[in-house]
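S.K.: Provided below for reference: sequence and predicted model.
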Amino acid sequence: MILREVQRSKLNTALCFCVILLATGLLIVMMTVSASSVDATRVYMKNMGFNLLITPENADPAQYQALDFTNADMPEENVDKLANSTVLAQHFVGKYQQTIQINGKTVVLTGVRAEKTTIGRPKKPMPTAYEVPPNQAYIGSAAAKSLNAAAGGMLNILGRDFEVGKILKARGAIPEDIRVFIQLSEAQTLLDAEGKINAIDALACQCPIDTEEIAAALRASIDEVLPGVQVEPYTDILTARHKQRDMMKRFEMFAVAIMLAASATAIWGLTYLNVRNRRPELGVFVALGIPGPRIALLFVGKVLLFSVTGSVAGCASGYMLAPAFVVTKIILLPSLSDIISIAVAAPVVAVIFSIPPIVAGLLQDPADLLREATQ
């Protein structure tokens, strides 16, 4: 009987099928575009470098800004404590830095240890986390120009010769472009600071999207592991990604609400028209003594049929067409579980919103239905 009902209302069924197909297909496309855009922003922000500076409790921020890093340090093991914790950050580089003179030129000697990441799956290293080989130095662009240094040459640092392993690209920032990077252990030896660091660079990237005071949340998270240390976020870099994630999430929720409202209205209206146009036949069914619930199942079965086929076709077409709408290099398609959830949810929503007009049609006075059936 359901197939007969479909045959008798082909146009109505086709329109309902198209509504479900478009709704599910557009949802798949929107999810793909949103996820890909957020991931592209994540990569871009990561390439910009660290967004969090952790310094000792007694460090003077004004002195740090003036490139005076003396009189404040903390244990090197603090890096491991952060990496083994659940703080709202993932990448950590401990460093010991000191402003010194090399050949009469001012540079910031910076000893760095290999990057540590939080426990879990391996993570791609930060592009600014330099893993300097022993007896080598990586020199910032401005410092290299001032010192007339070139890759492969030698540079004497505090009485010890180092090979210039690399001249770094210009960052356009001070002190980054006047840094001379060597291994942390070598810097500690030269500066008589065994086992000490005076800064930790970190990448904060795991704040929940509903966090409003992101800087306060980060400070509280890190303070649980390293009480008393100073946490200075690079606010512009830190908040840019967080705001973009929040914006995309809001857009996604708004778009889903609009599509749900439009689809529900269309399903309700088309079902109402179908029931109204079938009033004479409803009168005949009533005259034959067919129970109302059984008649309702006829219409519900039709809705279920076109919504199931429409959602499957919509998910498949959306999955295939979504890459054409993505402008980023990496395309993140919805997972299989997400697609299955959409394919299952669409028929359920369609049935729910089709029930009111079906019930309204069946609650009409049987005498009126029979009168229309005999006219």
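M.R.: Looks like it came in fine.
S.K.: When you work out contacts or count neighbours from here on, use the C-alpha atoms and nothing else.
M.R.: OK.
S.K.: So what would you say the end-to-end distance of stretch 271-291 is?
M.R.: Stretch 271-291 has an end-to-end distance of 20 Å (criterion: Cα to Cα, to the nearest Å).
S.K.: Now do that stretch, average pLDDT.
M.R.: Average pLDDT, stretch 271-291: 69.
S.K.: Mind giving me the packing neighbours of the biggest helix by length in the chain?
M.R.: Assignment by DSSP state H gives helix 235-277 as the longest helix of the chain. Here helix 235-277 touches helix 10-47, helix 336-362, going by 3 or more Cα pairs under 8 Å, 6 or more residues apart in numbering; DSSP states H and E.
S.K.: quick one, the first one and helix 336-362 angle?
M.R.: Note on geometry: by axes from the mean of the first three to the mean of the last three Cα atoms, to 10 degrees, helix 10-47 and helix 336-362 are set 150 degrees apart in direction.
S.K.: which secondary structure elements does helix 10-47 contact?
M.R.: helix 235-277, helix 292-321, helix 336-362.
S.K.: one more time with 10 Å
M.R.: For helix 10-47, the packing partners by 3 or more Cα pairs under 10 Å, 6 or more residues apart in numbering; DSSP states H and E come out as helix 2-8, helix 235-277, helix 292-321, helix 336-362.
S.K.: Check the helices and strands packed on helix 235-277 for me: which has the lowest mean pLDDT.
M.R.: Taking the mean pLDDT of the helices and strands packed on helix 235-277, helix 10-47 comes last: a mean of 81.
S.K.: low-scoring stretches of the chain, by residue?
M.R.: 1-9, 45-48, 120-125, 127-129, 205-212, 236-237, 241-242, 277-288, 361, 364-375 (pLDDT under 70).
S.K.: From the recorded domain assignment, give the ranges for it.
M.R.: Listed by automatic domain parsing, the domain ranges of the chain are 2-41+243-374, 52-233.
S.K.: Figure out how far the last one is from the centre of its chain.
M.R.: Meaning domain 52-233. 27 Å (Cα atoms, centre = their mean, to the nearest Å).
S.K.: Quick one: end-to-end distance for it.
M.R.: 4 Å.
S.K.: Count the neighbours of the closest residue to Arg113 other than its chain neighbours for me.
M.R.: The spatial neighbour of Arg113 that comes closest, neighbours along the chain excluded (Cα to Cα, 6 or more residues apart in numbering), is Leu184 at 5.1 Å. When neighbours are defined as other Cα atoms under 10 Å, Leu184 has 27 of them.
S.K.: got it, and Tyr272?
M.R.: 20.
S.K.: what sits against the residue nearest to Arg113?
M.R.: By Cα atoms under 10 Å, 6 or more residues apart in numbering, the residues touching Leu184 are 76, 94-97, 110-114, 131-132, 134, 190, 193-197.
S.K.: Could you do Lys95 as well?
M.R.: So Lys95 contacts 76, 79, 109-114, 181-185, 187-188, 196-201 (Cα under 10 Å, 6+ apart).
S.K.: State the phi and psi torsions of Gln230.
M.R.: For Gln230, the backbone dihedrals are phi -90, psi 140 (criterion: degrees, to the nearest 10).
S.K.: So it sits against Ala72, correct?
M.R.: No. Shown here, Gln230 and Ala72 do not form a contact pair, counting by Cα atoms under 10 Å, at 11.4 Å.
S.K.: In terms of neighbours, single out the busier of the two.
M.R.: Shown here are Gln230 and Ala72; by other Cα under 10 Å, Gln230 has more neighbours (20 against 16).
S.K.: and that one, bridged to which residues?
M.R.: Applying DSSP bridges to Gln230 gives these bridge partners: Thr55.
S.K.: if I look at it, how far off is Ile222?
M.R.: 9 Å.
S.K.: Mind listing the shared neighbours of these two?
M.R.: What both Gln230 and Ile222 touch, as defined by Cα under 10 Å, 6+ apart, is the set Ile54.
S.K.: coming back round to it: spit out the residues that contact Gln230 and Ala72 alike.
M.R.: Common neighbours of Gln230 and Ala72 (Cα under 10 Å, 6+ apart) are Thr55, Pro56, Glu57, Asn58, Ala59, Asp60, Ala199.
S.K.: Tell me who's in contact with the second one.
M.R.: Under the criterion of Cα under 10 Å, 6+ apart, the contact partners of Pro56 comprise 71-75, 197-200, 226, 228-231.
S.K.: wait, Ala35 sits on Pro323?
M.R.: No. Assessed by Cα under 10 Å, Ala35 is found out of contact with Pro323, at 11.8 Å.
S.K.: Return every residue with contacts to both of these two.
M.R.: Joint contacts of Ala35 and Pro323 (Cα under 10 Å, 6+ apart) are Ile330, Ile331, Leu332, Leu333.
S.K.: could I get those residues as JSON lines with neighbour count and secondary structure?
M.R.: Formatted as JSON lines, the shared contacts of Ala35 and Pro323 follow (neighbours: other Cα atoms under 10 Å; DSSP: H, G, I helix; E, B strand; the rest coil):
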{"residue": "Ile330", "neighbour count": "13", "secondary structure": "coil"}
{"residue": "Ile331", "neighbour count": "19", "secondary structure": "coil"}
{"residue": "Leu332", "neighbour count": "20", "secondary structure": "coil"}
{"residue": "Leu333", "neighbour count": "22", "secondary structure": "coil"}
